[in-house]
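Q: Kindly generate the corresponding structure for this input.
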Amino acid sequence: MKTKIILSLFLFSTLVNAAIIKHEALRPTFQEYSFREVCEKLGAKNFELIEAKSMNEIDCMGKVFAAIEFCKAKFPADNALTRAIVDEQTKTVKCEHSNSVMLSVSCDARDAKYCLDPQKGCEDLKGIYAVKLETAHYSFLEKKNEKNINCYFSKAIGDDLNEIL
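A: Prediction:
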(Lines give C-alpha, C1' and ligand atoms only; values in the text may rest on other atoms or scores of the structure.)
Protein backbone atom coordinates (compact mmCIF):
# COMPACT_ATOMS: atom_id res chain seq x y z
CA MET A 1 0.00 0.00 0.00
CA LYS A 2 2.82 2.42 0.92
CA THR A 3 4.52 1.64 -2.39
CA LYS A 4 1.39 2.55 -4.35
CA ILE A 5 1.02 5.84 -2.48
CA ILE A 6 4.67 6.78 -2.97
CA LEU A 7 4.54 5.81 -6.66
CA SER A 8 1.36 7.81 -7.27
CA LEU A 9 2.80 10.85 -5.44
CA PHE A 10 5.95 10.61 -7.56
CA LEU A 11 3.98 10.34 -10.81
CA PHE A 12 1.68 13.21 -9.81
CA SER A 13 4.60 15.48 -8.87
CA THR A 14 6.39 14.85 -12.17
CA LEU A 15 3.20 15.54 -14.13
CA VAL A 16 2.57 18.79 -12.29
CA ASN A 17 6.11 20.07 -12.99
CA ALA A 18 6.50 18.62 -16.47
CA ALA A 19 5.07 21.54 -18.46
CA ILE A 20 7.89 24.12 -18.53
CA ILE A 21 11.14 22.45 -19.52
CA LYS A 22 13.10 25.67 -19.90
CA HIS A 23 12.43 29.37 -19.32
CA GLU A 24 15.44 31.57 -19.86
CA ALA A 25 15.40 35.36 -20.03
CA LEU A 26 18.54 37.14 -21.25
CA ARG A 27 19.87 39.41 -18.47
CA PRO A 28 16.48 40.03 -16.87
CA THR A 29 15.89 43.07 -14.69
CA PHE A 30 13.09 43.44 -12.17
CA GLN A 31 11.24 46.32 -10.56
CA GLU A 32 9.28 45.49 -7.42
CA TYR A 33 6.08 47.16 -6.25
CA SER A 34 4.08 46.58 -3.10
CA PHE A 35 0.68 44.91 -3.33
CA ARG A 36 -0.88 48.14 -2.04
CA GLU A 37 0.70 50.27 -4.80
CA VAL A 38 -0.40 47.76 -7.47
CA CYS A 39 -4.00 47.63 -6.23
CA GLU A 40 -4.14 51.42 -5.99
CA LYS A 41 -2.86 51.85 -9.57
CA LEU A 42 -5.37 49.26 -10.84
CA GLY A 43 -8.25 51.19 -9.29
CA ALA A 44 -9.03 49.24 -6.13
CA LYS A 45 -10.50 51.36 -3.33
CA ASN A 46 -9.97 49.24 -0.22
CA PHE A 47 -6.51 47.97 0.79
CA GLU A 48 -7.25 45.98 3.93
CA LEU A 49 -7.10 42.51 2.38
CA ILE A 50 -4.70 42.05 -0.51
CA GLU A 51 -3.28 38.66 -1.46
CA ALA A 52 -1.73 36.70 -4.29
CA LYS A 53 -4.35 34.82 -6.28
CA SER A 54 -1.74 33.04 -8.45
CA MET A 55 1.75 33.69 -9.77
CA ASN A 56 0.34 36.29 -12.16
CA GLU A 57 -2.86 37.53 -10.49
CA ILE A 58 -3.45 39.69 -7.43
CA ASP A 59 -6.65 39.82 -5.36
CA CYS A 60 -7.40 43.35 -4.17
CA MET A 61 -10.17 42.95 -1.59
CA GLY A 62 -12.15 40.48 -3.72
CA LYS A 63 -11.38 42.00 -7.11
CA VAL A 64 -8.85 39.97 -9.10
CA PHE A 65 -6.44 41.68 -11.50
CA ALA A 66 -3.81 40.35 -13.90
CA ALA A 67 -0.54 41.76 -12.55
CA ILE A 68 0.77 42.33 -16.08
CA GLU A 69 -1.85 45.08 -16.50
CA PHE A 70 -0.11 47.03 -13.74
CA CYS A 71 3.30 46.56 -15.39
CA LYS A 72 1.93 47.60 -18.80
CA ALA A 73 0.50 50.77 -17.24
CA LYS A 74 3.73 51.47 -15.37
CA PHE A 75 5.94 50.93 -18.46
CA PRO A 76 3.78 51.74 -21.52
CA ALA A 77 6.72 52.43 -23.87
CA ASP A 78 9.01 49.64 -22.66
CA ASN A 79 9.35 47.06 -25.44
CA ALA A 80 11.40 44.77 -23.18
CA LEU A 81 8.58 44.11 -20.68
CA THR A 82 8.22 40.33 -20.52
CA ARG A 83 5.96 39.38 -17.61
CA ALA A 84 4.68 40.15 -14.13
CA ILE A 85 5.35 37.86 -11.20
CA VAL A 86 3.23 38.01 -8.04
CA ASP A 87 5.42 37.15 -5.06
CA GLU A 88 3.29 36.01 -2.15
CA GLN A 89 6.29 35.80 0.20
CA THR A 90 7.42 39.42 -0.17
CA LYS A 91 3.94 40.78 -0.97
CA THR A 92 5.24 42.41 -4.15
CA VAL A 93 4.63 42.36 -7.88
CA LYS A 94 7.80 42.12 -9.95
CA CYS A 95 7.80 43.53 -13.47
CA GLU A 96 10.36 41.58 -15.51
CA HIS A 97 12.22 43.13 -18.46
CA SER A 98 14.48 41.31 -20.91
CA ASN A 99 15.65 41.62 -24.51
CA SER A 100 14.89 37.96 -25.22
CA VAL A 101 13.22 34.90 -23.75
CA MET A 102 13.74 31.24 -24.66
CA LEU A 103 10.95 28.88 -23.70
CA SER A 104 10.55 25.13 -24.05
CA VAL A 105 7.26 23.51 -23.03
CA SER A 106 6.46 19.82 -22.76
CA CYS A 107 3.45 18.66 -24.75
CA ASP A 108 1.89 16.88 -21.79
CA ALA A 109 -1.85 16.66 -21.24
CA ARG A 110 -1.98 20.06 -19.55
CA ASP A 111 -0.16 21.96 -22.31
CA ALA A 112 -0.95 19.90 -25.42
CA LYS A 113 -3.05 22.79 -26.77
CA TYR A 114 0.13 24.78 -27.44
CA CYS A 115 1.62 21.97 -29.51
CA LEU A 116 -1.23 21.47 -31.99
CA ASP A 117 -0.11 24.54 -33.94
CA PRO A 118 3.40 25.64 -32.81
CA GLN A 119 3.08 29.14 -34.30
CA LYS A 120 -0.20 29.82 -32.49
CA GLY A 121 1.09 28.04 -29.39
CA CYS A 122 4.11 30.35 -29.19
CA GLU A 123 1.90 33.39 -29.72
CA ASP A 124 -0.29 32.24 -26.82
CA LEU A 125 2.76 31.61 -24.62
CA LYS A 126 4.10 35.06 -25.55
CA GLY A 127 1.11 36.53 -23.72
CA ILE A 128 2.31 34.82 -20.55
CA TYR A 129 6.13 34.93 -20.73
CA ALA A 130 7.13 37.62 -23.26
CA VAL A 131 4.33 40.17 -23.44
CA LYS A 132 6.05 43.01 -25.35
CA LEU A 133 8.59 40.92 -27.29
CA GLU A 134 8.18 39.57 -30.83
CA THR A 135 8.09 35.88 -31.72
CA ALA A 136 11.39 35.32 -33.53
CA HIS A 137 11.32 31.51 -33.83
CA TYR A 138 9.09 28.56 -33.04
CA SER A 139 9.56 24.83 -33.50
CA PHE A 140 8.04 21.50 -32.56
CA LEU A 141 10.39 18.69 -31.57
CA GLU A 142 9.60 15.02 -31.22
CA LYS A 143 12.08 12.40 -30.08
CA LYS A 144 11.23 8.99 -28.70
CA ASN A 145 8.09 9.51 -26.63
CA GLU A 146 8.83 13.14 -25.83
CA LYS A 147 7.26 16.08 -27.63
CA ASN A 148 7.86 19.72 -26.91
CA ILE A 149 7.41 23.17 -28.39
CA ASN A 150 10.25 25.70 -28.42
CA CYS A 151 9.72 29.43 -28.66
CA TYR A 152 12.22 32.25 -28.93
CA PHE A 153 11.07 35.82 -28.33
CA SER A 154 13.13 38.98 -28.81
CA LYS A 155 12.81 42.73 -29.13
CA ALA A 156 12.14 43.92 -32.66
CA ILE A 157 15.27 45.18 -34.40
CA GLY A 158 15.47 48.93 -34.17
CA ASP A 159 13.46 49.23 -30.95
CA ASP A 160 16.48 50.86 -29.35
CA LEU A 161 18.23 53.90 -30.81
CA ASN A 162 21.51 52.29 -29.66
CA GLU A 163 20.79 49.26 -31.89
CA ILE A 164 20.56 51.48 -34.97
CA LEU A 165 23.76 53.46 -34.31
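
Q: Nearest to the spatial middle of this protein, which residue is it?
A: For the chain, the residue whose C-alpha lies nearest the mean C-alpha position (C-alpha atoms, centre = their mean) is residue 129; its distance is 3.5 Å.

Q: quick one, what contacts it?
A: Contacts for residue 129 (C-beta atoms under 8 Å, 6 or more residues apart in numbering) come out as 23, 82-83, 101, 103, 153. C-beta: built from backbone N, CA, C; applies to glycine.

Q: measure it to residue 56 for me?
A: With distances taken as C-beta to C-beta, to the nearest Å, residue 129 is found 10 Å from residue 56.

Q: what residues do the two have in common as contacts?
A: Common neighbours of residue 129 and residue 56, counting by C-beta under 8 Å, 6+ apart, are residue 83.

Q: Am I right that residue 156 is in contact with residue 135?
A: No. With contact defined as C-beta atoms under 8 Å, residue 156 does not reach residue 135; the gap is 10.6 Å.

Q: Pop the domain breakdown of the protein in here.
A: As assigned by automatic domain parsing, the chain contains the domains 20-26+99-164, 29-97.

Q: that older thread, who has more neighbours, residue 156 and residue 135?
A: More crowded of residue 156 and residue 135, by other C-beta atoms under 10 Å: residue 135, with 15 against 12.

Q: just checking, next helix/strand downstream of the strand or helix carrying the more buried one?
A: Element membership of residue 135 [criterion: DSSP states H and E] is strand 134-143. Beyond strand 134-143 in the direction of the C-terminus, DSSP H and E gives the next helix or strand as strand 146-154.

Q: where along this protein do the strands fall?
A: If DSSP state E is used as the criterion, the strands of the chain fall at 20-25, 29-34, 50-52, 57-60, 63-66, 81-87, 92-97, 100-106, 134-143, 146-154.

Q: just for this protein, where's the confidence low?
A: The chain contains residues with pLDDT under 70 at 1-18, 158-165.

Q: The residue nearest to residue 85 when sequence neighbours are not counted: neighbouring residues, count only.
A: The spatially closest residue to residue 85, leaving aside those adjacent along the chain, is residue 94, at 4.5 Å (C-beta to C-beta, 6 or more residues apart in numbering). The local packing of residue 94 (other C-beta under 10 Å) involves 18 other residues.
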